[in-house]
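[1] Here is a sequence with its predicted model. Questions after.
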Amino acid sequence: PMAQAALGSAGLHFDELNKLRVLEPEVAAQTAQLREECRAFVDKTEEFQKTVGSLIELVDQLAKAAESEKMKAIGARNLLKSIAKQREAQEQQLQALIAEKKMQLERYRIEYETLCKIEADQNEFIDQFIFQK
(Lines give C-alpha, C1' and ligand atoms only; values in the text may rest on other atoms or scores of the structure.)
Protein backbone atom coordinates (compact mmCIF):
# COMPACT_ATOMS: atom_id res chain seq x y z
CA PRO A 1 0.00 0.00 0.00
CA MET A 2 2.86 2.40 0.81
CA ALA A 3 4.52 1.58 -2.53
CA GLN A 4 1.21 2.13 -4.28
CA ALA A 5 0.84 5.49 -2.55
CA ALA A 6 4.34 6.53 -3.61
CA LEU A 7 3.66 5.40 -7.18
CA GLY A 8 0.28 7.15 -7.07
CA SER A 9 1.89 10.41 -6.06
CA ALA A 10 4.24 10.01 -9.05
CA GLY A 11 1.21 9.51 -11.32
CA LEU A 12 1.64 5.75 -11.80
CA HIS A 13 -1.06 3.18 -10.96
CA PHE A 14 -1.73 -0.55 -11.17
CA ASP A 15 -4.81 -1.81 -13.01
CA GLU A 16 -6.92 -4.90 -12.24
CA LEU A 17 -4.37 -7.08 -14.01
CA ASN A 18 -1.57 -5.51 -11.94
CA LYS A 19 -0.13 -3.77 -15.01
CA LEU A 20 1.55 -0.42 -14.44
CA ARG A 21 -0.55 2.45 -15.90
CA VAL A 22 -0.13 6.20 -16.18
CA LEU A 23 -3.88 6.83 -15.67
CA GLU A 24 -5.84 5.95 -12.60
CA PRO A 25 -7.96 2.84 -13.17
CA GLU A 26 -11.18 4.84 -12.63
CA VAL A 27 -10.10 7.55 -15.12
CA ALA A 28 -9.06 4.85 -17.61
CA ALA A 29 -12.48 3.16 -17.23
CA GLN A 30 -14.27 6.51 -17.71
CA THR A 31 -12.11 7.21 -20.77
CA ALA A 32 -12.97 3.79 -22.24
CA GLN A 33 -16.67 4.35 -21.50
CA LEU A 34 -16.51 7.81 -23.10
CA ARG A 35 -14.80 6.30 -26.15
CA GLU A 36 -17.63 3.73 -26.50
CA GLU A 37 -20.28 6.42 -26.08
CA CYS A 38 -18.52 8.54 -28.71
CA ARG A 39 -18.38 5.56 -31.08
CA ALA A 40 -22.09 4.90 -30.50
CA PHE A 41 -22.83 8.61 -31.07
CA VAL A 42 -20.81 8.64 -34.31
CA ASP A 43 -22.62 5.47 -35.49
CA LYS A 44 -26.02 7.03 -34.72
CA THR A 45 -24.97 10.25 -36.46
CA GLU A 46 -23.90 8.31 -39.57
CA GLU A 47 -27.19 6.39 -39.51
CA PHE A 48 -29.07 9.68 -39.15
CA GLN A 49 -27.13 11.16 -42.09
CA LYS A 50 -27.99 8.11 -44.22
CA THR A 51 -31.66 8.44 -43.26
CA VAL A 52 -31.65 12.17 -44.04
CA GLY A 53 -29.84 11.47 -47.32
CA SER A 54 -32.52 8.92 -48.27
CA LEU A 55 -35.24 11.37 -47.30
CA ILE A 56 -33.67 14.16 -49.37
CA GLU A 57 -33.35 11.81 -52.35
CA LEU A 58 -37.00 10.79 -51.99
CA VAL A 59 -38.12 14.43 -51.72
CA ASP A 60 -36.06 15.26 -54.84
CA GLN A 61 -37.72 12.41 -56.74
CA LEU A 62 -41.15 13.59 -55.61
CA ALA A 63 -40.28 17.16 -56.60
CA LYS A 64 -39.20 15.98 -60.07
CA ALA A 65 -42.39 13.92 -60.43
CA ALA A 66 -44.50 16.89 -59.31
CA GLU A 67 -42.69 19.18 -61.77
CA SER A 68 -43.26 16.65 -64.56
CA GLU A 69 -46.99 16.42 -63.73
CA LYS A 70 -47.17 20.21 -63.56
CA MET A 71 -45.65 20.45 -67.05
CA LYS A 72 -48.12 17.85 -68.34
CA ALA A 73 -51.00 19.82 -66.81
CA ILE A 74 -49.75 23.07 -68.37
CA GLY A 75 -49.44 21.30 -71.73
CA ALA A 76 -52.96 19.90 -71.43
CA ARG A 77 -54.34 23.32 -70.45
CA ASN A 78 -52.60 24.98 -73.41
CA LEU A 79 -53.95 22.27 -75.73
CA LEU A 80 -57.48 22.86 -74.41
CA LYS A 81 -57.10 26.62 -74.95
CA SER A 82 -55.87 25.96 -78.48
CA ILE A 83 -58.79 23.61 -79.20
CA ALA A 84 -61.23 26.17 -77.76
CA LYS A 85 -59.78 28.88 -80.02
CA GLN A 86 -60.02 26.56 -83.04
CA ARG A 87 -63.66 25.81 -82.22
CA GLU A 88 -64.38 29.50 -81.78
CA ALA A 89 -62.83 30.25 -85.18
CA GLN A 90 -64.76 27.35 -86.72
CA GLU A 91 -68.00 28.63 -85.17
CA GLN A 92 -67.36 32.11 -86.59
CA GLN A 93 -66.74 30.61 -90.04
CA LEU A 94 -69.98 28.63 -89.80
CA GLN A 95 -71.92 31.73 -88.64
CA ALA A 96 -70.53 33.63 -91.63
CA LEU A 97 -71.52 30.75 -93.94
CA ILE A 98 -75.04 30.70 -92.44
CA ALA A 99 -75.38 34.47 -92.99
CA GLU A 100 -74.16 34.05 -96.59
CA LYS A 101 -76.64 31.21 -97.25
CA LYS A 102 -79.50 33.26 -95.72
CA MET A 103 -78.67 36.13 -98.07
CA GLN A 104 -78.53 33.69 -101.00
CA LEU A 105 -81.88 32.22 -99.92
CA GLU A 106 -83.39 35.73 -99.79
CA ARG A 107 -82.05 36.47 -103.31
CA TYR A 108 -83.53 33.17 -104.59
CA ARG A 109 -86.87 33.97 -102.89
CA ILE A 110 -86.98 37.40 -104.54
CA GLU A 111 -85.94 35.89 -107.89
CA TYR A 112 -88.66 33.22 -107.50
CA GLU A 113 -91.32 35.82 -106.71
CA THR A 114 -90.17 37.87 -109.72
CA LEU A 115 -90.31 34.78 -111.98
CA CYS A 116 -93.77 33.87 -110.64
CA LYS A 117 -94.98 37.41 -111.45
CA ILE A 118 -93.42 37.18 -114.92
CA GLU A 119 -95.08 33.76 -115.44
CA ALA A 120 -98.43 35.14 -114.31
CA ASP A 121 -98.05 38.14 -116.65
CA GLN A 122 -97.11 35.86 -119.55
CA ASN A 123 -100.03 33.51 -118.84
CA GLU A 124 -102.35 36.49 -118.72
CA PHE A 125 -100.88 37.74 -122.03
CA ILE A 126 -101.34 34.29 -123.59
CA ASP A 127 -104.92 34.07 -122.30
CA GLN A 128 -105.70 37.51 -123.73
CA PHE A 129 -104.04 36.63 -127.05
CA ILE A 130 -106.05 33.37 -127.30
CA PHE A 131 -109.35 35.10 -126.41
CA GLN A 132 -108.78 37.85 -128.98
CA LYS A 133 -108.78 35.33 -131.81
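    Arrived safely. Numbering: from 1, shown residues only.

[2] per-residue confidence at residue 27?
    Note on residue 27: pLDDT of 75.

[3] Let me know the helix or strand that it is in.
    Per DSSP states H and E, residue 27 falls inside helix 25-132.

[4] helices and strands around that helix, which ones?
    Applying 3 or more Cβ pairs under 8 Å, 6 or more residues apart in numbering; DSSP states H and E, we find helix 25-132 packed against no helix or strand. In this view, the C-beta of every residue, glycine as well, is placed from N, C-alpha and C.

[5] tell me how far it is from the chain's mean position?
    Relative to the chain's own centre, helix 25-132 is displaced by 15 Å; criterion: Cα atoms, centre = their mean, to the nearest Å.

[6] Output the below-cut-off pLDDT ranges for the protein.
    Within the chain, the segments meeting pLDDT under 70 span 1-25, 133.

[7] Give me the neighbour count for residue 29.
    13 (other Cβ atoms under 10 Å).

[8] Residue 128 too?
    Residue 128, neighbours per other Cβ under 10 Å, totals 9.

[9] Check the gap between it and residue 95 for me.
    Applying Cβ to Cβ, to the nearest Å, the value for residue 128 to residue 95 is 49 Å.

[10] One more: residue 49?
    In terms of Cβ to Cβ, residue 49 sits 68 Å off from residue 95.

[11] ok, how many other residues are close to residue 28?
    So residue 28, with other Cβ under 10 Å, has 14 neighbours.

[12] Over to residue 122?
    By the measure other Cβ under 10 Å, the count of residues near residue 122 is 10.

[13] OK, contacts around it?
    Residues counted as contacts of residue 122 (Cβ atoms under 8 Å, 6 or more residues apart in numbering): none.

[14] and the residue positioned nearest the centre of the chain, what is it in contact with?
    In the chain, the centroid-proximal residue (Cα atoms, centre = their mean) is residue 70; its distance is 2.6 Å. Counting by Cβ under 8 Å, 6+ apart, residue 70 makes contact with nothing.
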